[in-house]
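Undergrad: Sharing a sequence plus its predicted fold:
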Amino acid sequence: MMGILLLMLGFIIAPMLLRPELPQYLPAADQKALDELATQLKEHRATDQSFASRYPKRNYKKFDRSGSRYPQIAQVRLSLFDPNALTAEGWEARGVPHFVAARLEKYRAAAGGFKAKAQIKKMYGLEDSVYQRLAPFIQLPEEGPRRDYAANRPGPDGKFPPFASTDGTPGKFPRKPRNLQPFDLNTADTTQLMQIRGIGAGRAKWVVKYRNQLGGYLREDQLDEIFVLKDAPDLRDSLRKYTFVAPGYAPKTVNVNTASFDEMYLQPYIGKPRARIIVAYRQQHGPFKTVEDLKQIPILKPADWEKMRPYVRCQ
């Protein structure tokens, strides 16, 4: 038992006895090394002039607030002068600050010249005392010419004509007639349609284009199918008010027995899907004898056939 204890004690004490001695720190040696390094750097800076020439030291002069940062302009005795002939130096010679003088010259160049003293008085940064001293010598009227707004007076209905010309010459946009007589929707051109209020060149072209695609209007409610008029019920009402479809009008029809796919699908009530089906059915079962034979096509809805009927024929 005693042997085991001695053995354990030996394991504990042995590492402590066999541990190497720690090195002794000598601060004097480190300080000596630092001093030598500093001496070398100092000698290197003294001998190498490239660093100093590349980054020269700047000597900043302290701003003297007692004087002016702009060159002094000799003052002149005030007399009558034309402000449109003055330069910035001329304004400064009459007691205007440097930045206001530059602003006056810039404004004159942009506005095409001063036309009244009021323009100079409103210049930002110009003190009222300076303006009052210069005003008696400025060769300009106090106020500029006023625009004649009274020439644009309301008409008999109390409204201002939006496109009226004050000199009697026709304006860019001619006024549309107030008492417009109804005209045939199938014979009207874009010029007639543009006489209706709210119908411009773009909408008038769409009305004529859709009429040509259909082959002619049979009912006034077909105007609701035009793309640019779907969200404009007031314009559709105006078109119905000033247009009509002549009784007995016969639209242009499409021959479903001879027309090709490219000719048939241009009709808005047929379109590409129905044109493809009609051509395929015709190739399989032969030509159609009557328009009612189109009802035999299984997927052709009755409502589509009713819309299509006035615009197709078999002979």
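TA: Yep, that arrived. Numbering: from 1, shown residues only.

Undergrad: Who are the contact partners of the spatially most central residue of the chain?
TA: Centroid-nearest residue in the chain, with Cα atoms, centre = their mean: Gly202, separated by 22.3 Å. Neighbouring residues of Gly202 by Cβ atoms under 8 Å, 6 or more residues apart in numbering: Val228. Where C-beta positions appear, they are placed from N, C-alpha and C, glycine not excepted.

Undergrad: go on, Glu89?
TA: Ile73, Ala101.

Undergrad: does it sit in a helix, a strand or a coil?
TA: At Glu89 the chain is in helix, as set by DSSP: H, G, I helix; E, B strand; the rest coil.

Undergrad: again with Met308
TA: Classification of Met308 using three-state DSSP returns helix.

Undergrad: can you point me to the longest helix in the protein?
TA: For the chain, the longest helix by residue count, based on DSSP state H, is helix 27-47.

Undergrad: so what does it touch, helix or strand wise?
TA: Using 3 or more Cβ pairs under 8 Å, 6 or more residues apart in numbering; DSSP states H and E as the contact criterion, helix 27-47 has no neighbours among helices and strands.

Undergrad: Helices of the stretch 201-315 of the chain, start to end?
TA: Taking DSSP state H, counting those that start in this stretch, the helices of the stretch 201-315 of the chain run over residues 201-214, 233-242, 261-264, 271-285, 302-308.

Undergrad: among those, which is nearest Lys115?
TA: With Cβ to Cβ as the criterion, Lys115 lies closest to helix 201-214 of the helices of the stretch 201-315 of the chain, at 40.4 Å.

Undergrad: follow-up on the earlier one: what is the distance between the longest helix of the chain and the centre of its chain?
TA: Remark: helix 27-47 is offset 68 Å from the chain centroid, using Cα atoms, centre = their mean, to the nearest Å.

Undergrad: now swap in stretch 206-216 and tell me
TA: Computed by Cα atoms, centre = their mean, the chain-centroid distance of stretch 206-216 equals 34 Å.

Undergrad: Pull out the buried residues from that stretch.
TA: By 16 or more other Cβ atoms under 10 Å, the buried positions in stretch 206-216 come out as Trp206, Val207, Tyr210, Arg211, Leu214, Gly215, Gly216.

Undergrad: ok, now stretch 281-293?
TA: Tyr281, Arg282, Phe288, Val291, Asp293.

Undergrad: And the average pLDDT for the longest helix of the chain is what?
TA: Taken as a whole, helix 27-47 has an average pLDDT of 80.

Undergrad: Return that helix as PDB; C-alpha atoms alone will do.
TA: C-alpha atoms of helix 27-47 as PDB (Å, rounded to 0.1, in the frame of the first residue of the first chain):
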ATOM      1  CA  PRO A  27      13.500  45.000 -21.100                       C
ATOM      2  CA  ALA A  28      16.800  46.800 -21.600                       C
ATOM      3  CA  ALA A  29      17.600  44.600 -24.600                       C
ATOM      4  CA  ASP A  30      14.200  45.300 -26.300                       C
ATOM      5  CA  GLN A  31      14.600  49.000 -25.600                       C
ATOM      6  CA  LYS A  32      18.000  49.000 -27.200                       C
ATOM      7  CA  ALA A  33      16.600  47.200 -30.300                       C
ATOM      8  CA  LEU A  34      13.800  49.800 -30.600                       C
ATOM      9  CA  ASP A  35      16.200  52.700 -30.400                       C
ATOM     10  CA  GLU A  36      18.400  51.200 -33.100                       C
ATOM     11  CA  LEU A  37      15.300  50.800 -35.400                       C
ATOM     12  CA  ALA A  38      14.200  54.400 -34.800                       C
ATOM     13  CA  THR A  39      17.700  55.600 -35.700                       C
ATOM     14  CA  GLN A  40      17.700  53.700 -38.900                       C
ATOM     15  CA  LEU A  41      14.300  55.100 -40.000                       C
ATOM     16  CA  LYS A  42      15.400  58.600 -39.200                       C
ATOM     17  CA  GLU A  43      18.600  58.200 -41.300                       C
ATOM     18  CA  HIS A  44      16.500  56.700 -44.200                       C
ATOM     19  CA  ARG A  45      14.100  59.700 -44.200                       C
ATOM     20  CA  ALA A  46      17.000  62.100 -44.200                       C
ATOM     21  CA  THR A  47      18.800  60.500 -47.200                       C
END
